[in-house]
Structures are given as structure tokens and as C-alpha cells.
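J.: Fold the stuff below for me.
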Amino acid sequence: MSRRKAKQGVQEDMAAGSVTLESIAAQLSTLSTQNTKNFQELSTSVSGLRDDINSLRLEITEVKQSVEDAHKEIDLIKTEVIPAEVCALQKQVNDLTSKLLAAEMYSKKQNLLFWGIPHEATEDVEKKVREFMAVKLHVGDAETIPFVNVHRLPRMKGNPIIVKFVSQLHRDAVLRAAYKLPPHSGMAASTRGSSEDESRVPVRFRRRQEEGSETEV
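T.: Prediction:
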């Protein structure tokens, strides 16, 4: 009896040990499967990360190329475009300056200085000039000749009146009429208050003509 019980106990122990080994084997199999799955997921993540890095490298290369192209364009602008534009602008400035000088010269050609017309505190200078042209110069259309502007030049000795005519033809006609005035009448008309036309300026007004710079209207 005792031997039979001992044998039965050994068999029960072996059965209990067999169940434990099967459980361990199952656990190891499960762990291996899980590790394999985790490794596959990690491998996929690494592959995706590698793709992202390659894409980033490509973008960096494209940015570098864009920067290089931008520098080339900037150099081109500095060396070719800007100098060409500056040259073109300088030419425009020169052309405008020439036109301005020409316009200024033409504008001055339409001016006349009238000398010997008495100055009054309150006066209508245009009316005085028209009366002077009609009475002293015997200009028939003195009342209808169009003017651009008329005013006194108080800083010029003699306080002449400067008139800017609309038409140079009218100005020249009035100037020719003024040439007929007696040399010592104290009255005259001249194109400028300078030595270029000093012979037409009454003698008492000739001094300091070069100081008079108000000969524009």
C-alpha cells in the first residue's frame, strides 16, 4: 500500500510539473510573437523616419539652390540692371534739365522791362503799362495785347515794371516802338536789366543793374 501511494504521488508531481512547463512554453511563445510584432512596428517607424529625413534633405537642397539663385539674381541686378536704370534716369534728368533751360530761355524772351513809369503807393501796374504803350510808344492795340503777368521790381534801381507777354511777336512789336523814344527821355523798354541791353536803359538807372536779379515773371 505504501509503495502504491508513493508511486501515485510521483505521478501527480510529474503531472503538476508537466502543466507548469507547458504554461512557460506558452508564455514564451506569446512573448516571442509580441516581440516580433514590436520589432516589425519599430522597423516600420524607422523606415518612415528615414523617408522623412531624406525628404528633409531634399528640401534643404532645394532651399540652398533657391538661395544661390537669389544671390545670382541680386548680383545681376547690382551689376547690370541698376546701372542701366541709373543711366536711363540720368539721361531723363539731363533731357528734362535741357528742356527746362530751353523753356526758361524762351520764357525770358517774352519779357520786357519798362523804365521811367512813376511809382505810386497804390497803383494798377498793368493799366500804367498799357497807358505807357498807347501814349508814349503809340502802340495801336495796347489795350488788347495779352499779358501773362505784370509787376514792379522794387529791389532793382529805378523800380522798373516787368511784363511777360503771351506772344513774343507782341513783345517784339512793343520793343521796336520803344526804340523810337528819345535817348534822354528817361523812359525806355529793354529786354533785360543787364549790360547786354544797357544802352536801352535810361542813364540814371544803369548803375547797379547787375545787382537786379528780379528779371523773371
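J.: Please state the offset of the helix ranked longest in the chain from the chain centre?
T.: In terms of residue count, the longest helix belonging to the chain (DSSP state H) is helix 2-76. Shown here is helix 2-76, whose average C-alpha point lies 66 Å from the average C-alpha point of the whole chain (Cα atoms, centre = their mean, to the nearest Å).
J.: By average pLDDT, which secondary structure element in this protein comes out worst?
T.: For the chain, the helix or strand with the lowest mean confidence is helix 82-109, at a mean of 69 (criterion: mean pLDDT, DSSP states H and E).
J.: how about low-confidence regions in this protein?
T.: Applying pLDDT under 70 to the chain picks out residues 1-19, 94-95, 97-107, 192-217.
J.: which residue is nearest the centroid of it?
T.: Among the residues of the chain, Leu89 comes closest to the average C-alpha position under Cα atoms, centre = their mean, at 11.2 Å.
J.: That one and Lys108, how far apart?
T.: Remark: distance between Leu89 and Lys108 (Cβ to Cβ, to the nearest Å) = 28 Å. Quick note: C-beta positions are derived from backbone N, CA and C, even for glycine.
J.: Kindly report the same for His170.
T.: As defined by Cβ to Cβ, His170 lies at a distance of 15 Å from Lys108.
J.: cool, and Ala25?
T.: If you go by Cβ to Cβ, the gap between Ala25 and Lys108 works out to 119 Å.
J.: likewise Leu28?
T.: From Leu28 over to Lys108 the distance is 114 Å, taken as Cβ to Cβ.
J.: again, but for Glu85
T.: Computed with Cβ to Cβ, the distance linking Glu85 and Lys108 is 34 Å.
J.: residues making contact with stretch 140-150?
T.: Taking contacts as Cβ atoms under 8 Å, 6 or more residues apart in numbering, the residues outside stretch 140-150 that touch it are 110, 125-126, 129-131, 133-134, 139, 161-167, 170, 174, 217.
J.: Run the chain-centre distance for that stretch.
T.: Worked out by Cα atoms, centre = their mean, stretch 140-150 lies 43 Å from the chain centre.
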